[in-house]
Every structure is written in C-alpha cells, then in structure tokens.
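Visitor: just need the structure, nothing else, for what follows:
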Amino acid sequence: MLTQIGNLSGSPRILIVDNEKRTVHIFQDLISHWGYVPIIASGEGPALLEDAKNKAREYRCQLALVDMRLIDDSDNDDISGLELVNQIRPAISIVVSGHGNLKIAVGSIQKNGAAGFVEKNDLPLGLQEKIKWEAAKNCAHARELKIYPSEIMVSIKKTLFDANVAPEYHDQVEDILARLFPTASTLRLEKMNTGDDTSGIATAPRPRSVVLKVYEDEFQPVIIKLARKTKIKKETNRFSQYIKGRLVGNFVPKLEDSCCLWDIGGIKFSYVGSIDQTFGHFFQSASVPTIEKTLERFFKITWSYHFKRAKDRFDVSLFELYCSVLDHDWYERALKFKIPNPEIFMGADVWRRINAKDPIEWLIQKIGSNTTGDASHVAKTRIAVTHGDLHADNMLVDDSQNAWVIDFERSGEGHALQDFIELESDIINRMTLGNQNFSDYYHLCLAVASSQTTGKMNIACLADAGSDMQKVIQIIATIRSLAQECTGIVDARQYMLGLFFNTIFRATIDKDFRIMDDDQIRSQRSALMLASILCFRLEHWDEPWPPKQWENLQGESK
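Guide: Numbering: from 1, shown residues only. From the prediction side, this is the model:
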C-alpha cells in the first residue's frame, strides 16, 4: 500500500492515518492522482498510532491526513487522531472526520496544532484544496519555488546530511527555505564573502551546518543558517536568553523566524545596512588601524553589556569551563586522535632540539585524566556571557566597519577570555593556509606564547617577518590588549590554556590524512606545532622565554 518514493521524487509525502481501510484506499487513490506520495500507516488501535509515528519519521512526511477517531468510531470522546497531531510533527496535519461537530473539532485542532479540518462529506474537492494550500506553504516542490544556483544547493546537502539520510529526503533543505520564505517565488543563494573563492560555504570548521546569504525575489538579502535541528533549537533559545536586546548599539541581526523539520532546521536573520564580507575577508583587505578600530568598537561597545556583568569564580578548572561551552565531544575526539610523527610537521632536528611534548598526550595526562593535579586549575578567573564561537566567519563587517556577529548556538556563560582567544586562534590558523614560511610561523608561535600578562607580547622575534605576518602579530597584540582591558584578567597563563584548548579543538576536527587536502594537512600540522610549543610554555612558565636552545631553528618541512 506504500507508493514507491522514487516514482514521484520531490513530490510532497503525505501520511494517511485512518482506521477504516476503505477510506484509506480512497485517500491513497486521490493523493496519488493529485501528484503526491501517499504513505500509509497500518495496524489497529494503539498499533496504528505507533506505526503512524514511525512512518512519519521514516519517510520524513511533510503533510498528514489524520482521522479524528482512530481507536473507536463509536466513542464520542475519542479524539486520538487529534492527540496524534503533535506526535507526528513537523508533519503538517489536516484532520478529517465524519463524526462530531465542527465547533468541537475546530477548537481541538487549534489546541493541538493541526493545520485545518475537512469533513468527509466535503471530499474530494474540499480536501484537494486544503492539501494544495498547505503543500504550497510548506513544500518547495508544490509551490514550484525556484532556488539557485544549483551547485550551492548540492554543497549544502553534502554538508548537512550523512549517509543515514537517503537522498530523496534531502528535499528538507528546500522545504526549510520554503517555510522561512512563505511568499517567495525565487530565492538566490550566495555564500558569505570569506575571501577564499575556492572554499565551499565557509572556511571555518562548521560540521553539519551552513551560513549563507539569501535573496528573496527583489528584496535585500538576509542571513540563513541551516544545521541539525537540535542545534537550531538550541540557538534560538540562546539568542533569546543572551543576545536579544543585550548588545549595545543594535549591531546585532534580528531573528526573523526559525523552523525545524525531521533532520535539520533553519534560522533567518535580518540586519540593517550593507554587510558584504566576513571578518576573514575584511582582515585581508583592510589596514591595521581600520581593523583595530572595528575590534575596539565590538569588544568595548557592542559586547560591553556582558563584560560589565562579568563575575569572579574561584577554584576553577579551565578545562571543565571550556568543555561546558564546547561540550566534551572535542575531548573525546582528541582521545581517539592519533598524532602523526612530530618530525613530519617540525622536522627531525627541530623536534629533537625543541624536545616539545606530544600535545594530545599532555592534554590527557596533565589535564583530562588528572583528577588531583589538573594543570588547567586556576585560583580565580572571570565568567561572562560570551559568543562562544567567535571565529572570523561568524563576525560580519558592514560598510561602516561595524562588526556584527551571527551563529549563537554556543552563546552563554563561559571564560571571559574565550571570544578573544577564539578569534586569535582563527587568525593564526588562516595564516597557515597561505603562508608556508616555517621561520615566520615558528616565530609567530614563540610570540603568542611569550606573554606574562594577558595584554602584552614580545614581538621582537618577528621584526624581520614578511608584511602579512607583521599584520597578523599586530592584530593579535591588539586582541590581547583588548582582552585584558575588557575582562580584567591579567594572568596570561589563562589565555595560553584557552588558546591550547582551541588549537587542539581545531587540529582534531580533520582526522584522516587520507581524505584531507593540502591546506587541511598544513593547517592541522601547524596547529599541532603551536599546541606543542604551548605545552612547553605552560610547563616552564617561570623560566626565560624562549629557551636558549630554540634560537635560530630552521624547519626541514612545511
């Protein structure tokens, strides 16, 4: 009784839930004739209800026809069909019945969230019109919504879905967009301007999520984030709790709408002014003074509400604090990570002379599994609401050089230094993609590890570096200075630990060298090199920096 999905690929899938087999056959024939895909729930009594829930999920149904009475047609109090409506969401349900009065039905429908009610006496025209109306609102295929370019859609689906979701259910992407733009006839997708024309949707690691611009018909663009539905639900809650009405100067997108389907969800943000680049692209094209002013306005003004409400916390494991924001998944990933031979990314002679630690082993032994001597323990730190994922693709810059942030899934209370550290870590990582000069990168690592206080760095070792590296170190120095000014945290060891955690987080995202491209391999090796140097620095905190034996090192490989 189940129509093969492939026969009508792209057509809306409609679940039929009725305890009368004759009615089921009628609905199936009508729905097929109208160009939809019927999915039939089978069984009797509670088994029918259970099968309906399973089928709705299995076939990712967009709509459902649900009889009001599914247990006992003779029982005037039986509203089992109405009660099923919420249990098969996000399918949009139309309740059909030949029993009861319209007033009771409509009241119950509104309470349970169904889209409408059709009396069986109104078949077939009343039902056809109701299905057509709901399908056009919620299904891109039924509305004939035009979404282009196709290559970006292919990239989005590749990012969002794993092998467990069959290709015929990838139409959830189009349907999310249809629901977020209920009156659109055409949508044009555009990746954010990251400054990397060869990239996919964004250069920063966003496992199973996508952020892009969308142009509806002739209107100005809005920002759309697509991700797993749990992430979207979490982000909408975090935005309401920590962001809405709490950023100074209103340089924050407005959350216009959100919706979730079976596997994925989407959020729609609008903003004022012209935003046409990410901070990553802005960093490449703007001068150092311009970048510094943008960062100063963001941290000292836009985010000032949260820094002013920062509070002290005592006897803190920074490891646990960062895990509360990043989740423990990053540490579990690190436990399974097999670090390549350090000589590969530093060279045999460099590795021997530096005598640095395996950063993964150090993380496990000194912090993660050390219950009595956690190396990340600090007597006192500061807690504030942070963005939680402030890499350069989540910071947008408008035509007046004001910074806006997006992607609030991890927003909430955390280490007050976290956003500064995340942004610095991302800047360092991006430099490894275009700069293969070992000496410059090695001396950058020494410089970022040199601080004794958060706001000051020793950058003398980079005096002879190229102009790109000079720019990087100047901006990092500005970030450090702002970090100390805004948070009041002077202890640079806290900054080094946070940078270490972020570096390990990034290095272990791409695990398999066999499927990584050259940029990913170089980025991972460079991150592991920085992490190794940070380990040494943290273990020898009160000793001169850098160690004498590290002078004049030259790498054997890139």
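
Visitor: so what pLDDT did I104 get?
Guide: You'll see I104 listed with a pLDDT of 63.

Visitor: and V378, that's in a helix?
Guide: No - read with DSSP: H, G, I helix; E, B strand; the rest coil, V378 is strand and lies in no helix.

Visitor: please report how far it lies from E83.
Guide: Distance, V378 to E83, using C-beta to C-beta, to the nearest Å: 53 Å. From N, CA and C alone the C-beta is placed, and that goes for glycine too.

Visitor: between those two, who's got more neighbours?
Guide: A count of neighbours by other C-beta atoms under 10 Å puts V378 above the other of V378 and E83, at 19 against 15.

Visitor: name whatever forms a beta bridge with that one.
Guide: Beta-bridge pairing for V378 (DSSP bridges): V316.

Visitor: thought Y495 was touching it, still the case?
Guide: No - V378 sits out of contact with Y495 when judged by C-beta atoms under 8 Å, with a separation of 11.2 Å.

Visitor: where does the stretch 1-150 of the chain have low pLDDT?
Guide: Low-confidence segments of the stretch 1-150 of the chain, defined by pLDDT under 70: 1-9, 99-110.

Visitor: which parts of it are strands?
Guide: Listed in chain order, the strands of the stretch 1-150 of the chain (DSSP state E, counting those that start in this stretch) span residues 13-17, 37-40, 63-67, 92-97, 116-119, 146-148.

Visitor: buried residues in the last one?
Guide: Spelled out, it's strand 146-148. I147 (16 or more other C-beta atoms under 10 Å).

Visitor: which residues touch it?
Guide: Under the contact criterion C-beta atoms under 8 Å, 6 or more residues apart in numbering, strand 146-148 has outside partners 140, 153, 174, 177, 185-189.

Visitor: which residues touch Q62?
Guide: 12-14, 91-92, 135, 138-139, 175.

Visitor: out of those residues, what pair is the most spread apart?
Guide: In terms of C-beta to C-beta, the contacts of Q62 reach their longest pairwise distance at I14 and D175, which sit 13.5 Å apart.

Visitor: who has more neighbours, the two?
Guide: More neighbours surround I14 than the other of I14 and D175, with 29 against 25 (other C-beta under 10 Å).

Visitor: so that one sits right up against L65, yeah?
Guide: Yes - in this structure I14 lies within contact range of L65 using C-beta under 8 Å: 6.3 Å.

Visitor: overlap in contacts of the two?
Guide: 31, 131.

Visitor: if I've got this straight, Y441 is in a helix?
Guide: Yes - applying three-state DSSP, one finds Y441 inside a helix.

Visitor: and for G249, the neighbour number?
Guide: 11.

Visitor: OK, contacts around it?
Guide: 301-302, 402 are the contacts of G249 under C-beta under 8 Å, 6+ apart.

Visitor: next one: Q241 relative to K268, how far apart?
Guide: 19 Å.

Visitor: please apply the same query to S11.
Guide: 26 Å.

Visitor: S287 too?
Guide: 34 Å.

Visitor: out of these two, which sits in the busier spot?
Guide: Comparing S287 with K268 by other C-beta under 10 Å, the one with more neighbours is K268, at 22 against 9.

Visitor: next, the more buried one: phi, psi?
Guide: Backbone torsions of K268, given as degrees, to the nearest 10, read phi -120, psi 120.

Visitor: again, but for F438
Guide: According to degrees, to the nearest 10, F438 has phi -60, psi -40.

Visitor: make residue 1 into 226 and carry on from there
Guide: Happy to do that; since the first residue is 226 now, the last one works out to F663.

Visitor: that one: neighbouring residues, count only.
Guide: By the criterion of other C-beta under 10 Å, F663 has 20 neighbours.

Visitor: next: Q719.
Guide: For Q719, using other C-beta under 10 Å, the count is 25.

Visitor: isn't it up against F544?
Guide: No - using C-beta under 8 Å as the test, Q719 is too far from F544 to be in contact (11.7 Å).

Visitor: out of the contacts of strand 371-373, which is most surrounded?
Guide: A365 (26 neighbours).

Visitor: residues contacting the nearest residue to that residue once chain neighbours are set aside?
Guide: Nearest residue to A365 in three dimensions, chain neighbours excluded: E399, at 3.6 Å (C-beta to C-beta, 6 or more residues apart in numbering). By C-beta under 8 Å, 6+ apart, the contact set of E399 is 365-366, 370, 372, 378.

Visitor: can you show me the helices along the stretch 526-675 of the chain?
Guide: With helices called from DSSP state H, counting those that start in this stretch, the stretch 526-675 of the chain shows them at 529-533, 543-551, 554-561, 567-571, 573-579, 584-588, 643-659, 663-673.

Visitor: figure out which of those is closest to R294.
Guide: Per C-beta to C-beta, nearest to R294 of the helices of the stretch 526-675 of the chain: helix 554-561, 45.5 Å.

Visitor: format the strands of the stretch 226-375 of the chain as CSV; extra columns: distance to E460.
Guide: Formatted as CSV, the strands of the stretch 226-375 of the chain follow (distance: least, C-beta to C-beta, whole Å):
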stretch, distance to E460
strand 238-242, 27
strand 262-265, 31
strand 288-292, 27
strand 317-322, 23
strand 341-344, 30
strand 371-373, 23
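
Visitor: so which of those strands gets nearest V439?
Guide: strand 371-373 (8.9 Å).

Visitor: what's the first helix or strand after that closest one?
Guide: Where DSSP states H and E defines the elements, the next helix or strand beyond strand 371-373 is helix 375-385.

Visitor: rewinding a little: is it possible to get JSON lines of the contacts of Q287 that adds distance to H668?
Guide: Formatted as JSON lines, the contacts of Q287 follow (distance: C-beta to C-beta, whole Å):
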{"residue": "P237", "distance to H668": "60"}
{"residue": "R238", "distance to H668": "59"}
{"residue": "I239", "distance to H668": "64"}
{"residue": "A316", "distance to H668": "59"}
{"residue": "I317", "distance to H668": "60"}
{"residue": "A360", "distance to H668": "61"}
{"residue": "N363", "distance to H668": "57"}
{"residue": "C364", "distance to H668": "57"}
{"residue": "D400", "distance to H668": "51"}
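
Visitor: how far away is the nearest residue to V390 once chain neighbours are set aside from D583?
Guide: Among residues not flanking V390 along the chain, D488 sits closest, at 5.7 Å (C-beta to C-beta, 6+ apart). Distance, D488 to D583, using C-beta to C-beta: 38 Å.

Visitor: how many residues are close by W259?
Guide: So W259, with other C-beta under 10 Å, has 17 neighbours.

Visitor: now do the contacts for it.
Guide: 353, 356-357.

Visitor: neighbour-wise, which of those residues leads?
Guide: Ranking the contacts of W259 using other C-beta under 10 Å puts I356 first, with 25 neighbours.

Visitor: in contact with that one, which residues?
Guide: 239, 256, 259, 261, 288, 290, 319.

Visitor: check V398 too.
Guide: So V398 contacts 378, 381-382, 385, 451, 489 (C-beta under 8 Å, 6+ apart).

Visitor: name the element the residue nearest to A365 belongs to?
Guide: Using DSSP H and E, E399 sits within helix 397-405.

Visitor: could I have that helix exported to PDB, CA atoms only?
Guide: The C-alpha coordinates for helix 397-405 follow below in PDB (Å, rounded to 0.1, in the frame of the first residue of the first chain):
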ATOM      1  CA  GLN A 397      14.200  19.100   3.600                       C
ATOM      2  CA  VAL A 398      16.600  21.900   2.600                       C
ATOM      3  CA  GLU A 399      14.300  23.300   0.000                       C
ATOM      4  CA  ASP A 400      11.300  22.900   2.400                       C
ATOM      5  CA  ILE A 401      13.100  24.700   5.200                       C
ATOM      6  CA  LEU A 402      13.700  27.600   2.800                       C
ATOM      7  CA  ALA A 403      10.100  27.500   1.600                       C
ATOM      8  CA  ARG A 404       8.900  27.800   5.200                       C
ATOM      9  CA  LEU A 405      11.300  30.600   6.100                       C
END
